[in-house]
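Peer 1: the amino acid sequence is not available; the structure is as follows:
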């Protein structure tokens, strides 16, 4: 599919599909976000906060506190994407469970389930590629510059 895009404002992008001659509107999520991958032992192995956002230990606390809700909800759905599993003040916590049992958590303020689902799937694909490296240690902190860059690109693509 070939698309030409026009940014209408800071959160709306209109795309024109040349093949089917139709317009598609996309809404980009705005606002702070915090993404973390949590191991089986409930330890964060990868973290990404929105660039320029103030660092906050509250984000880590909220993510860790929501793990109980993630573990509870993962048995109630056959899907790997659990949607919003917890809320804390202005934060929504969305979760994705990998087949190996890693938990991907995203703290965000705007609900946009489709964008979050696709973001999780693409991050998971990047994680699978990373984990195929014979020198990769499962459960260890992820220090790969390639993986960091890829997740940052995906976050910019889906969250602005």
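Peer 2: Now that the structure is in, tell me what you want to look at. This one's a predicted model, so the numbers in the text were calculated from it and none came from an experiment. Residues are numbered from 1 along each chain as shown.
Peer 1: distance from the chain centre to the helix or strand hosting residue 58, please.
Peer 2: Per DSSP states H and E, residue 58 falls inside helix 57-65. Its chain's C-alpha centre lies 16 Å from the corresponding centre of helix 57-65 when counted by Cα atoms, centre = their mean, to the nearest Å.
Peer 1: which SSE is immediately downstream of it?
Peer 2: Helix 57-65 is succeeded, C-terminally, by helix 67-73 (DSSP H and E).
Peer 1: how about that following helix: buried residues?
Peer 2: 67, 69-70, 73 (16 or more other Cβ atoms under 10 Å). C-beta: built from backbone N, CA, C; applies to glycine.
Peer 1: ok, residue 107 - how many residues close by?
Peer 2: Residues near residue 107, counting by other Cβ atoms under 10 Å, number 24.
Peer 1: excluding its backbone neighbours, what's nearest it?
Peer 2: residue 34 (4.3 Å; Cβ to Cβ, 6 or more residues apart in numbering).
Peer 1: hmm, residue 106 and that neighbour touching each other?
Peer 2: Yes - assessed by Cβ atoms under 8 Å, residue 34 is found in contact with residue 106 at 7.3 Å.
Peer 1: neighbour count winner among those two?
Peer 2: Neighbour count, other Cβ under 10 Å: between residue 34 and residue 106, residue 106 has more, with 25 against 22.
Peer 1: the helix or strand where the more buried one lies vs helix 57-65, what angle?
Peer 2: For residue 106, the element it lies in under DSSP H and E is strand 103-108. Comparing the axes of strand 103-108 and helix 57-65 via axes from the mean of the first three to the mean of the last three Cα atoms, to 10 degrees yields an angle of 140 degrees.
Peer 1: which parts of this protein are helices?
Peer 2: 57-65, 67-73, 113-131, 145-159 (DSSP state H).
Peer 1: okay, those helices in TSV with mean pLDDT next?
Peer 2: Shown next, in TSV, are the helices of the chain (pLDDT from 0 to 100):
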stretch	mean pLDDT
helix 57-65	88
helix 67-73	93
helix 113-131	97
helix 145-159	95
